[in-house]
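What shape does this take:
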Amino acid sequence: MNIHDLEAFIAVVETGSIGAAARRLNLTQPGVTRRVQVLEQTLGTPLLDRRSKPPRLTTAGHAAYDHARRVALAVHDMTTALEPNGEPHGPFRIGVSVGLGDLALSDPVDRVRAAYPHLQIRATTSWSNVLQVNAGTLDAAAVLWADDGEPPDGLSGERLATKTGVIVAGHQLGLAESVTLDELADVPWVLNHEGCVFRNALKDAFAAQRRTLQYGVEVAGAELQLSLIARGHGVGMVLPHMLERSAFRDAVRVLDVTDFKPTFAVWLVHSAHPGRLAAPIKCFRDALALQVS
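Residues are numbered from 1 along each chain as shown. Coordinates of the predicted model:
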């Protein structure tokens, strides 16, 4: 089995088309197609369903991609380890849960860049970072889970902090300082879109009381949410460190919701075998821990 055939197949999967894979590998499209076909012949099964445009992975293709990524990374790690300086270089793909906000990317990225200037950092935000790491499309992810969440099988991770969500409201709403969740059932909420761990916790809590969460504004980003809350558009939930560092911290009030104290865990998760990226991942983890502590 040829490593170049594996690389061509990986490129097709990750770029989404033969043409994009050819540009990534600096090959012709027929050259990429031939390499994928040779790999299919070697494995004795089709990996791409060419009836669709662009081609989609077959069931065997999904399994082959997971193995191919591990083989390619292992070969790359071995090559890097034998270089004279042994310094990490190339792409470092980081994912961050939307609920963590920009804090998870600002100082940690600065520190990684300063320590490893030859890395190319590719940062994304998503609701599904863990799934992407598991599929091999990310190297590490800063993830916000409900307090009982843990990394799935095949991933390593470290719990960096446990935080209690803070409920905040604008002064204009005239809410009492101490309230129950039921008393907030008819108040509009400023929240992230579907998939947010805060939103899920609120939905479950209201459902337990046979009430419905009222959406006022759906918008991503803690700072933007706090600006809307400060202007009286509703109530919301953030983590304490987000409020402490917000420009709107004095323009909102913290409510004591006596029967709702949701806790969340901040994790840094990554492949069980990070190879050359073990040191950059540790650097990112340490900087993130300082941000969320």
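
what's the domain layout of this protein?
Per automatic domain parsing, the structural domains of the chain span 3-81, 90-161+265-292, 166-261.

Deepest-packed of the ones you listed, please.
Each of the domains of the chain was scored by mean neighbour count; the highest is domain 90-161+265-292, a mean of 19, by mean count of other CB atoms under 10 Å. All C-beta spots, glycine's among them, are computed from the backbone N, C-alpha and C.

now that one, how far from the centre of its chain.
Relative to the mean C-alpha coordinate of its chain, domain 90-161+265-292 is positioned 8 Å out (CA atoms, centre = their mean, to the nearest Å).

Tell me the span between the first and last residue of that domain.
Counting by CA to CA, to the nearest Å, you get 28 Å between the two ends of domain 90-161+265-292.

Check the domains of the chain for me: which has the lowest mean pLDDT.
Within those, the least confident segment by mean pLDDT turns out to be domain 90-161+265-292, at a mean of 83.

So Glu87, which state does it fall into?
Three-state assignment for Glu87 (DSSP: H, G, I helix; E, B strand; the rest coil): coil.

what about it, how many neighbours?
The number of residues packed near Glu87 is 13, by other CB atoms under 10 Å.

excluding its backbone neighbours, what's nearest it?
Sequence neighbours aside, His118 is the residue nearest to Glu87 in space, at 6.0 Å (criterion: CB to CB, 6 or more residues apart in numbering).

For the one you found, what are phi and psi?
Summarising the backbone geometry of His118 under the convention degrees, to the nearest 10, its torsions are phi -90, psi 0.

packing partners for the helix or strand hosting Gly157?
Assigned by DSSP states H and E, Gly157 falls within strand 155-164. Taking 3 or more CB pairs under 8 Å, 6 or more residues apart in numbering; DSSP states H and E as contact, the helices and strands that strand 155-164 lies on are helix 129-135, helix 240-244, strand 263-271, helix 278-292.

tell me the contacts of the residue nearest to Glu87?
With contact set as CB atoms under 8 Å, 6 or more residues apart in numbering, His118 has these partners: 87-90.

Understood, closing this out.
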